[in-house]
Each structure stands twice: as structure tokens, then as C-alpha cells.
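Visitor: no sequence for this one, just the structure:
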């Protein structure tokens, strides 16, 4: 594999020196949960790797106690898709601040020759990471 040395003198895999390509999410812009909120809701998101390279992806959420994502991370080959379950635990609607609730997917190219197994380190090196925010809307 071709290797390059980054400004920090770390050896970077060439696949990770290119910006990651696009992903597609269905829904594309936001997640909507509908009342009542006295039970757990689960919403499915489809994530598709639209790029020509294998990517590693991971979800983050602004509210760990209310929102869950399963699976929280993974690897997608080009054109491959995954179904992700975003869940919202029961909560007191109107009594809790939900304005900043969102899930964020981050993705990066996987190193050439890496096994198809997610590794957190891919996000901690010099490789470029892209992000997409999906705000959460709660319908009363």
C-alpha cells in the first residue's frame, strides 16, 4: 500500500488522505418522533455508502439518556446500506428540553487492506472525518 507522512510525522494510509465521499440517509434531513411519549419509540434510518471507497461510520447523540442508536457504528462497502434503529425512551414531554436533540453520523475512509471491522482509531488519526446532523423533532 502507498503511504504518506502527515505534517505530524505520522504515517497515514493513502485511502485516508482523501476526503470521504458522500453517504445517503433515509430520512435525509431529520427524525420525527410522534406522541405519546410514555413508551419507547424506535425509528429506522437507512444509511447508504454512496462513495467508491469502504467507510467506517459511527453515530453520536446529544442526549445519551433519552436517545439510543443500534448499531452505533459499523463499516460499509461502496453502495452498501445498513439499517440503524434510533430509539427514544419514554420521557415527560413538555417538561424536558428537547430543542438540541439530534443524532450525528460521522464517517471516514477505512485504511487500505483493513479488515471489515469497525475501529475507533480511524477517527482519531489524521484521516478526514465527515459529519451529518439529523435533528430530532418531537410531535406533540
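Guide: That came through, no problem. Computed from a prediction, not measured in an experiment: that's the story for all the values here. Numbering: from 1, shown residues only.
Visitor: what about the strands in this structure?
Guide: Using DSSP state E, the strands found in the chain span residues 3-5, 11-13, 23-26, 31-34, 41-49, 55-61, 67-70, 73-76, 81-88, 102-109, 130-139.
Visitor: will you turn these into TSV that also has mean pLDDT?
Guide: Converted to TSV, the strands of the chain look like this (pLDDT from 0 to 100):
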stretch	mean pLDDT
strand 3-5	51
strand 11-13	56
strand 23-26	97
strand 31-34	96
strand 41-49	97
strand 55-61	97
strand 67-70	97
strand 73-76	98
strand 81-88	98
strand 102-109	96
strand 130-139	96
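Visitor: closest one to residue 96 among these?
Guide: Among the strands of the chain, strand 130-139 comes nearest to residue 96, with 9.7 Å by CB to CB. Backbone N, C-alpha and C define where each C-beta goes, glycine included.
Visitor: Would you mind pulling up the elements that the closest one packs against?
Guide: Using 3 or more CB pairs under 8 Å, 6 or more residues apart in numbering; DSSP states H and E, the elements in contact with strand 130-139 are strand 23-26, strand 31-34, strand 102-109.
Visitor: Strand 102-109 and that one, what's the angle between them?
Guide: 160 degrees (axes from the mean of the first three to the mean of the last three CA atoms, to 10 degrees).
Visitor: Residue 104: how many residues sit nearby?
Guide: Neighbour count of residue 104, defined by other CB atoms under 10 Å: 15.
Visitor: Tell me the bridge partners for it.
Guide: Legend: beta-bridge partners of residue 104 under DSSP bridges are residue 60, residue 133.
Visitor: returning to that earlier point: list just the one of the strands of the chain that sits closest to residue 119.
Guide: Of all the strands of the chain, strand 55-61 sits nearest to residue 119, with 6.8 Å by CB to CB.
Visitor: That closest one versus strand 130-139: what angle between them?
Guide: 40 degrees.
Visitor: any idea how far the residue most central in space within the chain is from residue 38?
Guide: Geometric centre of the chain, nearest residue: residue 105, 2.2 Å, by CA atoms, centre = their mean. Separation of residue 105 from residue 38 (CB to CB, to the nearest Å): 28 Å.
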